[in-house]
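Undergrad: Any chance you could fold what I've pasted below:
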Amino acid sequence: MGSLDVLYRLMNDYGADWPFWQDDGLSPTDTPALPPDVSDAALAWAAEFQAHYSYESGWPAEAAARNHERQGRNLLKLVERTLTLEDSVQLDYWETNWRKGL
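TA: As a prediction, the model looks like this:
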């Protein structure tokens, strides 16, 4: 990558409404520059995490965990299609646990 190239990490974190990160932390809400429908999908994906993922016990059920991960992989594909050739994105999906026995 050249000096102006950017690697974005698509990743959820507690209290972060915008799920894009760069090496120096959370990206501003206008980066990467995305079409409104893709930006809305990213915000919805992050909101789902904020609403349903517990730092103590994870997702409420395995199905919720798998669905959210699948949505993240689909979102990654959408974002990859919109970035410039110089920029790239990777999915850093860490929230794979769920409450057992529900």
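
Undergrad: C-alpha only now, for contacts and for neighbours.
TA: Noted.

Undergrad: Tell me which helix or strand comes right after the lowest-mean-pLDDT helix or strand in the chain.
TA: None of the helices or strands of the chain scores lower by mean pLDDT, DSSP states H and E than strand 25-26, at a mean of 92. Sequence-wise, the next helix or strand downstream of strand 25-26 (DSSP states H and E) is helix 36-52.

Undergrad: What is that next one packed up against?
TA: Here helix 36-52 touches helix 62-82, going by 3 or more C-alpha pairs under 8 Å, 6 or more residues apart in numbering; DSSP states H and E.

Undergrad: and the angle from the helix it packs on to helix 36-52?
TA: On the basis of axes from the mean of the first three to the mean of the last three C-alpha atoms, to 10 degrees, helix 62-82 is oriented at 150 degrees to helix 36-52.

Undergrad: got any ranges where the protein has weak pLDDT?
TA: In the prediction, the chain carries residues with pLDDT under 70 at positions 1-4, 101-102.

Undergrad: how long is stretch 23-39 from one end to the other?
TA: The first residue of stretch 23-39 is 20 Å away from its last residue (C-alpha to C-alpha, to the nearest Å).

Undergrad: mind listing what's buried in it?
TA: Buried residues in stretch 23-39, defined by neighbour count with 16 or more other C-alpha atoms under 10 Å: 26, 27, 32, 34, 38, 39.

Undergrad: Please name the spatially closest residue to the first one (chain neighbours excluded).
TA: Spelled out, that is residue 26. Counting by C-alpha to C-alpha, 6 or more residues apart in numbering, residue 20 is the residue found nearest to residue 26 once chain neighbours are left out, at 6.2 Å.

Undergrad: That'll do, ta.
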